[in-house]
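Peer 1: dropping a prediction and its sequence here:
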Amino acid sequence: MNMRRLVLLVGAIVLVVGVIGLLVPVSTAGPDNQKVGCGNAIVADYSEARNIDERNPVNLPVINELVPHTDYVEQCEAAVSQRRTWAIPVAIIGLVILVGGFFVGSRTGGARTG
């Protein structure tokens with residue numbers, strides 16, 4: 001396998017890993033060990049987390065001061081942000097490697113004699 005094909009292959013694999021990381025759904029642990037969906041790294045959807053937060057009786061002003069509670073919207077925001085933190089750079093690096101692969105020459109060794 002020559003150098004150009006190797007670089008193109010590595011770039012394509014890294015790009016696919018980054019894109020898959022952006023598209024795979026993000027979730028966080030909810031009440032009773034259920035998963036709370038947060039969308040994905042491209043389009044975040046906090047509606048499920050917002051519904052759970054609104055149904056929680058701890059969100060009443062008086063009880064909120066006495067009992068600590070979990071903010072699921074905040075956890076979703078953190079999970080989506082963490083996914084974006086690694087998936088976007090991986091996709092960009094893969095794209096740069098892939099484009100750079102077109103500029104890598106497939107040179108064969110040896111000097112030309114004229």
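Peer 2: Thanks, I have the structure now. Numbering: from 1, shown residues only.

Peer 1: can we go C-alpha only for contacts and neighbour counts from here?
Peer 2: Fine.

Peer 1: separation between residue 72 and residue 12?
Peer 2: Distance of residue 72 to residue 12, computed by C-alpha to C-alpha, to the nearest Å: 36 Å.

Peer 1: higher neighbour count, these two?
Peer 2: Neighbours were counted for residue 72 and for residue 12 using other C-alpha atoms under 10 Å; residue 72 has more, 23 against 20.

Peer 1: how close does that one sit to residue 92?
Peer 2: 30 Å.

Peer 1: residue 28 too?
Peer 2: According to C-alpha to C-alpha, residue 28 and residue 92 sit 26 Å apart.

Peer 1: so which of those two has more stuff around it?
Peer 2: Neighbour comparison, residue 28 and residue 92: the larger count goes to residue 28, with 19 against 16 (by other C-alpha under 10 Å).

Peer 1: near the closest residue to that one other than its chain neighbours, how many other residues are there?
Peer 2: Spatial nearest neighbour of residue 28, chain neighbours left out: residue 36 (5.3 Å); criterion: C-alpha to C-alpha, 6 or more residues apart in numbering. Burial of residue 36 is recorded as 22 neighbouring residues (other C-alpha under 10 Å).

Peer 1: give the helix, strand or coil label for residue 36.
Peer 2: strand (DSSP: H, G, I helix; E, B strand; the rest coil).

Peer 1: average pLDDT for the host helix or strand of residue 53?
Peer 2: Here residue 53 sits within helix 47-55, counting by DSSP states H and E. Averaging pLDDT along helix 47-55 gives 87.

Peer 1: so residue 11 touches residue 90, yeah?
Peer 2: No: if you go by C-alpha atoms under 8 Å, residue 11 and residue 90 don't touch, sitting 10.0 Å apart.
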